[in-house]
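> Predicted model and sequence follow; I will ask about them next.
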Amino acid sequence: MPKKGTKSKKKEVDDLPNQQENKLPDYLELQRTRVVCNDDAPIHTQGYQHSGTFAAMGVDNSVSVEKFCKNFKIEINRLTEDDMEFDMIGIDASIANAFRRILIAEVPTMAIEKVFMVDNTSVIADEVLSHRLGLIPLDADPRLFDYISENDVPNERNTIVYKLHVSCPKGSQRITVKSSELEWLPEGSQLSMSAPAHSGDKQKTFTSFSQSQKEILEKPLGVKFKDITIARLGPGQAIELEAHAVKGVGKVHAKWSPVATAWYRMLPEVVILEEIKGAQAEELVKKCPVNVFDIEDLGNGGKRAVVAKPRACTLCRECIRPEESEESTEGASEAQESSAPWKQIELRRVRDHFIFTIESTGSLRPEVLFTEAMKILEEKCERVISELS
């Protein structure tokens, strides 16, 4: 015959799953999962990080790998050759920001680093011209190349060589030098092994390449955009130079950043607390500059406002900002104040849902850039784990 304590203990064990299924009250769940945007400032911006915050209510707030794998997902909304927009769901803002920072500063690309100036009689100084060349996006996959250090010799594995030789004949009109004039040299440097330096008697050497780059590449290495203006030449002016592109990252110089911009925002959530009908509904639709609201026909001439495009909300707060006439009216009843349109709308942001946008400069497609950023973040995590163990 089982003991009395055994039955009681078994009942407590059976109740454990029910404890895990407990839910928070609506007002606490709102504070935990949403950022409420009032007309003056947002509230509930601080998240609940402690695992035992809601332990008294039977809700586990801890973070685990199993929960992350269950909740995290990515939904792609737009994907083109140059940009993409996708939703990252089930993560913290710190992780989304980590991806943004890695995309801007740590995903490598190829960019022009050294410019050997043979002739420059244009009005642009050598330093300014070199800087402009460095900012031109190159159509080269950085994953096919190695980093180069100060002691390494330039070769086909770590350097791409371009040539620019343009002149404007005397008596002709001014010409515009475009990025399409940059010519890729698959055989490496074409400058002589020794050439007089600008400083005087010193000799500057240029290393030729031992192997053709064509053997390791499937397509020519040109520039991504052909119509970028480099300089303008007048009659009798000329530019002749050789440029060497190497692999680098954006935290060293912005020319190696693979994205024009990478940014994210929390998913907007627009909630109509009470129905807004008639003239107030039409006024609300006109007030929103991005057409978040729309009019729904109720029949018999009735109309009410509905939320049509919540993702388009830019948080301008026009819909929740009280009008001056309503604020300045004295002696208004509480019923009239509660029926004001700006009292019936609440703007929120979903705390763990981010709309992420990547605009590539052209070296790699945006989806490839995000994949490379994930690999870099994974390497960082593995490095930290190895140092702690």
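Yep, it's here. The shown structure was predicted, so the numbers you read here are calculated from the model rather than taken from an experiment.
> mean confidence for stretch 39-54?
For stretch 39-54, mean pLDDT is 87.
> To clarify, my last question referred to stretch 67-86.
Stretch 67-86 comes out at a mean pLDDT of 94.
> Contacts for that stretch next, please.
Residues from elsewhere that reach stretch 67-86 (Cβ atoms under 8 Å, 6 or more residues apart in numbering): 87-91, 352, 355-360, 362, 365-367, 370. For the C-beta atoms, the positions are set from N, CA and C on the backbone; glycine is no exception.
> Next step: those residues restricted to strands.
87, 88, 89, 352, 355, 356, 357, 358, 359, 360 (DSSP state E).
> Can you flag the buried ones in those?
Buried subset of those (neighbour count, 16 or more other Cβ atoms under 10 Å): 87, 88, 352, 355, 356, 357, 358, 359, 360.
> you'd agree the fifth one is up against residue 87?
The one in question is residue 356. Yes - with contact defined as Cβ atoms under 8 Å, residue 356 counts as touching residue 87 (7.4 Å).
> so where's the stretch 51-200 of the chain uncertain?
Along the stretch 51-200 of the chain, the parts satisfying pLDDT under 70 run over 193-200.
> again, only using 90
51-53, 55-65, 67-68, 150-153, 155-156, 171, 186-200 (pLDDT under 90).
> chain center to the helix or strand hosting residue 282: distance?
Residue 282 is part of helix 278-287 when elements are defined by DSSP states H and E. Relative to its parent chain, helix 278-287 has a centroid offset of 35 Å by Cα atoms, centre = their mean, to the nearest Å.
> name the helices or strands packed onto the very next helix or strand once past it?
Where DSSP H and E defines the elements, the next helix or strand beyond helix 278-287 is strand 293-299. Judged by 3 or more Cβ pairs under 8 Å, 6 or more residues apart in numbering; DSSP states H and E, the packing partners of strand 293-299 are helix 278-287, strand 302-307.
> CA atoms only: put the helix holding residue 282 into CSV for me.
Taking C-alpha atoms only, helix 278-287 is exported to CSV below (Å, rounded to 0.1, in the frame of the first residue of the first chain):
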residue,chain,number,x,y,z
GLY,A,278,-17.5,58.8,-39.0
ALA,A,279,-15.8,62.1,-39.4
GLN,A,280,-13.1,61.2,-36.9
ALA,A,281,-12.1,58.1,-38.9
GLU,A,282,-11.7,60.3,-42.1
GLU,A,283,-9.7,62.8,-40.1
LEU,A,284,-7.4,60.0,-38.8
VAL,A,285,-6.7,58.7,-42.3
LYS,A,286,-5.8,62.2,-43.5
LYS,A,287,-3.5,62.7,-40.5
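> Which positions in that helix come out as buried?
By 16+ other Cβ under 10 Å, the buried positions in helix 278-287 come out as 280, 281, 284, 285, 287.
> what is the orientation angle of it with strand 302-307?
Per axes from the mean of the first three to the mean of the last three Cα atoms, to 10 degrees, the angle that helix 278-287 makes with strand 302-307 is 30 degrees.
> What distance do you get for the closest residue to residue 224 other than its chain neighbours to residue 228?
Nearest non-adjacent residue to residue 224, counting by Cβ to Cβ, 6 or more residues apart in numbering: residue 362, 3.3 Å away. For residue 362, the distance to residue 228 equals 11 Å [Cβ to Cβ, to the nearest Å].
> circling back to that earlier point, which among the ones in strands among the contacts of stretch 67-86 gets closest to residue 220?
Distance to residue 220 across the ones in strands among the contacts of stretch 67-86 (Cβ to Cβ) is lowest for residue 360, with 19.6 Å.
> so what's that closest one up against?
Counting by Cβ under 8 Å, 6+ apart, residue 360 has contacts 82, 83, 258, 259, 260, 366, 369.
> Can you give me the neighbour number for the third one?
Put plainly, it is residue 258. 29 (other Cβ atoms under 10 Å).
> mind listing what it touches?
For residue 258, counting by Cβ under 8 Å, 6+ apart, the contacting residues are 103, 107, 108, 109, 250, 360, 361, 363, 364, 369.
> What pLDDT does the model give it?
96.
> Low-confidence regions, the stretch 201-350 of the chain specifically.
Using pLDDT under 90, the stretch 201-350 of the chain drops low at 201-221, 278, 298-302, 321-344.
> hey, where'd the strands end up in it?
203-205, 229-233, 238-248, 259-272, 293-299, 302-307, 345-360 (DSSP state E, counting those that start in this stretch).
> what angle sits between the longest one and strand 259-272?
What that stands for is strand 345-360. 160 degrees.
> returning to that earlier point: which strands and helices lie in contact with the helix holding residue 282?
If you count contacts as 3+ Cβ pairs under 8 Å, 6+ apart, helix 278-287 packs onto strand 293-299, strand 302-307.
> Which positions within the shortest one qualify as buried?
Read that as strand 302-307. 303, 305.
> quick one on the thing from earlier: ok, the ones in strands among the contacts of stretch 67-86 vs residue 27, which is closest?
Distances from residue 27 to the ones in strands among the contacts of stretch 67-86, taken by Cβ to Cβ, are shortest for residue 352, at 18.4 Å.
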